[in-house]
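>>> Generate a structure from the sequence data that follows.
(2 chains)
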There are 2 protein chains.
Amino acid sequence: MIHYSRAAILAADKSFRRDFVNTLTGYKSLNLIGTKSVEGTSNLAPFSQVIHVGASPPLIGILFRPHTVERHTLENILSTACFTLNHVTADFYKQAHHCSARWDRSEFEGVGLEEEYLADFSAPFVKISPLKVACQLEEVQKIACNDTELVIGSVQHVFVQENAVGIDGAISLATLGTVAVSGLDDYYTGVRLARLQYAKADQPVKEQ
Amino acid sequence: MIHYSRAAILAADKSFRRDFVNTLTGYKSLNLIGTKSVEGTSNLAPFSQVIHVGASPPLIGILFRPHTVERHTLENILSTACFTLNHVTADFYKQAHHCSARWDRSEFEGVGLEEEYLADFSAPFVKISPLKVACQLEEVQKIACNDTELVIGSVQHVFVQENAVGIDGAISLATLGTVAVSGLDDYYTGVRLARLQYAKADQPVKEQ
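Numbers count the residues shown, from 1 in each chain, chains lettered A, B, ... in the order given. From the prediction side, this is the model:
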């Protein structure tokens, strides 16, 4: 094992530190966030900072960095109160990554992903995505120590590939082909180990 | 595609809704969080709500649900200001899951994972884990809409398997064998698709 002290991490080259710290938490979810500006321009951006916040009521959070190109997404959410989350599969993860470039037009058009409008929701969905979630802005919390902002959205609609939803409600990410990301640019698909039963003390852990 | 409206999700059985909403965000990181009570009892709990908050300075967040057994972890963090994050591999993911049971003694002892103390840090690490992070409490933010709490820790030390750190700083989760989770109990390993270069508009996306 190598030991990196806080001082060593702070003294490292900026790009080394960025890649190193971004991989510390492990696999991250990957979602394309679809928004529309008040002027009507659609926007699509890849995010790995999406987090489950609660099930009852269904809430999802996105952590926004201060002063990045992705602030377009935040500005659109704050001005329209609507956004969509769209899972990414191996079929279009390179197009998803390409959405992070500085486009002078809609990323949908730039990278060649078709936008779709469903259930009278005003923000755009990604047509090819097998799991799409429509969210309405619920709350914004500023994180004081580094000026990031946690945006909480309440789930309004879910559109999901039919064969991926179990009778118990769990959606199979393996069936969807959902992609995960490590750091900023390292993409993975998942291979299932097992689904485990509710754990009890002093009893062996069983697979479902 | 099936459409689930907000009304349908809210009307669903509680366990269906929990499993359904917990899988909406995609793959989640899996970390064992090690803490110690002021009385000196070590605690170990699996968390899938760990998020990268910033690289400069290095910050990591954990979202805590209100009123769950995992509050022991939160109480220990608030009273001692120290915790560790430990990646989980396929070799011990069942033991990690077993830590979620209601133990009447230290989870380390209950599930048979050895605790380790490094660099004079007071919270316990998981000896077998290939990536261990020591964090100090930095900030707590209450999420008003559902009483969850986002705890931010600043990275004090990282201990990582030597061959997993690239010269650019990126840590290979595939080399570590890190496990991801979907929902509450569905465990996965990752298979790498590719690492992609910094994206530029109107230029093809290239692999690194």
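
>>> Need the CA coordinates for the helix or strand of chain A with the lowest mean pLDDT. PDB is fine.
In chain A, no helix or strand scores lower on mean pLDDT, DSSP states H and E than helix A:71-80, which sits at a mean of 94. Extracted as PDB, the C-alpha positions of helix A:71-80 are listed here (Å, rounded to 0.1, in the frame of the first residue of the first chain):
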ATOM      1  CA  ARG A  71     -23.400  25.800 -14.900                       C
ATOM      2  CA  HIS A  72     -25.600  26.100 -18.100                       C
ATOM      3  CA  THR A  73     -27.400  23.100 -16.700                       C
ATOM      4  CA  LEU A  74     -27.800  24.700 -13.300                       C
ATOM      5  CA  GLU A  75     -28.900  28.000 -14.700                       C
ATOM      6  CA  ASN A  76     -31.600  26.200 -16.800                       C
ATOM      7  CA  ILE A  77     -32.800  24.300 -13.800                       C
ATOM      8  CA  LEU A  78     -33.000  27.400 -11.600                       C
ATOM      9  CA  SER A  79     -34.900  29.400 -14.300                       C
ATOM     10  CA  THR A  80     -37.300  26.600 -15.500                       C
END
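
>>> list the buried ones in it?
Buried positions in helix A:71-80, judged by neighbour count with 16 or more other C-beta atoms under 10 Å in any protein chain shown: A:72-74, A:76-77, A:80. Backbone N, C-alpha and C define where each C-beta goes, glycine included.

>>> near chain B, anything from the helix or strand just after it?
Next helix or strand after helix A:71-80 toward the C-terminus (DSSP states H and E): strand A:82-87. Yes: residues of strand A:82-87 are located near chain B by C-beta under 8 Å from any C-beta of the partner chain, namely A:85, A:87.

>>> Tell me the helices and strands packed up against strand A:82-87.
strand A:31-36, helix A:71-80, strand A:125-126, strand A:131-143 (3 or more C-beta pairs under 8 Å, 6 or more residues apart in numbering or on different chains; DSSP states H and E).

>>> who does the shortest one touch, helix- and strand-wise?
I take that to be strand A:125-126. strand A:31-36, strand A:82-87, strand A:115-116, strand A:131-143.

>>> Surely residue A:131 touches residue A:176?
Yes: with contact defined as C-beta atoms under 8 Å, residue A:131 reaches residue A:176; the gap is 5.7 Å.

>>> Find the residues that touch each one of those two.
Residues touching both residue A:131 and residue A:176 (C-beta atoms under 8 Å, 6 or more residues apart in numbering or on different chains): A:87, A:160-161, A:164.

>>> Out of those residues, name the ones that lie in strands.
A:87, A:160 (DSSP state E).

>>> in chain A, which spans are strands?
For chain A, the strands defined by DSSP E occupy A:2-5, A:28-29, A:31-36, A:42-47, A:50-55, A:58-64, A:82-87, A:115-116, A:125-126, A:131-143, A:148-160, A:179-182, A:186-195.

>>> Mind checking which residue lies nearest the centre of chain A?
residue A:31 (3.3 Å; C-alpha atoms, centre = their mean).

>>> The closest residue to that one other than its chain neighbours: neighbour count?
Closest residue in space to residue A:31, ignoring its immediate chain neighbours: residue A:85 at 4.5 Å, by C-beta to C-beta, 6 or more residues apart in numbering or on different chains. Residues lying near residue A:85 (other C-beta atoms under 10 Å in any protein chain shown) number 28.

>>> again, but for residue A:91
12.

>>> Contacts only, for it.
With contacts defined as C-beta under 8 Å, 6+ apart, residue A:91 is in contact with A:128, A:177.

>>> returning to what we had before: with chain B in mind, check whether the least confident helix or strand of chain A reaches it.
No: using C-beta under 8 Å from any C-beta, helix A:71-80 never reaches chain B; the gap is at least 13.6 Å.

>>> my guess is residue A:79 meets residue A:39, correct?
No: contact criterion C-beta under 8 Å: residue A:79 and residue A:39 do not qualify, at 9.8 Å.

>>> Brilliant, that's me finished.
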